[in-house]
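**Student:** okay, sequence plus prediction incoming.
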Amino acid sequence: MKRNTLLAAALVLGNFALLSTPMVWAQNRSLSLALGTVRTEAEAAAIRYLVEYTQNLQDLFIANAGNAKGAWLLALTPNVKFETGEKDAFNGVIVKVTGNFMFFKVTEIDSIRTPDTGKLFHVLPISFGGETNRGLDRVNVLLEVGYVPWYQNDQRLPGFLRSTKVGLFLQAGYKFKVSDSTASAATTGGAIDESKEKAKRGLSRLKGSAVFNPRFMLKSDWGLGVQGAADGWYDIANAEVYYRIEAKAVIYLGEGKSFDVSYQKGSGAPNFNKGNQFSANITIQF
């Protein structure tokens, strides 16, 4: 019952984000719903749910280019990630609002100055939000600043490099203790909170992210792909290192639908569990 309530809340958050931000039908779709089966760290079969809302930088630029001031602009977007499942499946909730400051070169077309979308963009994301687990017994409130180079549209670069994304971030905040309740499923296997960060203490982390996502499309929406993603955190206060590594084989089924088989090592924030998880998922993007 509690799991269903949390899932419903995530769907509401995702729909609110969808309604509160102008949608742009560009390369990526913003709201993603995934349902799959998973083999957990405790060797149990379980159901996995994943809800994500995040806008691609290219979509943000297209939606806000008319508001560009000189050679920069500011674009705001909510970001929501809700991952949970049965038994000891990896879990976590991240909700934040991000302001992306974009700095770029300009060019002239018919004597009109316009952003040069074929060159490197410098993006400084500033986010404020919270992290929690499915038990809602700990809540991390964080301010995050970072740097993300946007080079995916630079035709001077080889295709494999334009299929990558990287970013560096500094996170600071506070870990609130909400309750002492711990459900039995949340104290075993992949659901264990293995973070060294203590409740009622300040938080300080360095984070690095990298993604490799080439696609081999047979038609505009049909094809195959592989995805590799890695996130690493350095917990400054406790001198600890956390990580999340994910590898996927994806079949794109057209109209924003895909099927994937994935392997994930490490749950990422906020539990920073070091376990392993295998899953097969159907994903629909809006």
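**Tutor:** Done, it's in.

**Student:** is it correct that residue 60 falls within a helix?
**Tutor:** Yes: with DSSP: H, G, I helix; E, B strand; the rest coil as the criterion, residue 60 is assigned to a helix.

**Student:** report pLDDT for residue 21.
**Tutor:** Note for residue 21: predicted pLDDT of 30.

**Student:** so which residues of the stretch 51-200 of the chain form helices?
**Tutor:** 57-64, 159-162 (DSSP state H, counting those that start in this stretch).

**Student:** ok, residues contacting stretch 129-144?
**Tutor:** Residues outside stretch 129-144 that contact it (Cβ atoms under 8 Å, 6 or more residues apart in numbering): 3, 6, 79, 84, 91-97, 125-128, 169-183, 186, 191, 193, 197, 199, 203, 207, 269-271. To be clear about C-beta, it is placed using only N, CA and C from the backbone, and glycine gets the same treatment.

**Student:** buried ones in it?
**Tutor:** Neighbour-count burial for stretch 129-144 flags 129, 131-135, 137-142, 144 (criterion: 16 or more other Cβ atoms under 10 Å).

**Student:** nearest to residue 34 among those residues?
**Tutor:** Nearest to residue 34 among the buried residues of stretch 129-144 is residue 134, at 16.0 Å by Cβ to Cβ.

**Student:** and that closest one, its phi and psi?
**Tutor:** The phi/psi pair for residue 134 (degrees, to the nearest 10) reads phi -70, psi -20.

**Student:** export the buried residues of stretch 129-144 to CSV and tack on pLDDT and distance to residue 104?
**Tutor:** Formatted as CSV, the buried residues of stretch 129-144 follow (pLDDT from 0 to 100; distance: Cβ to Cβ, whole Å):
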residue, pLDDT, distance to residue 104
129, 97, 26
131, 96, 31
132, 94, 36
133, 90, 38
134, 86, 40
135, 83, 43
137, 85, 43
138, 89, 39
139, 95, 36
140, 96, 33
141, 97, 32
142, 97, 28
144, 98, 22
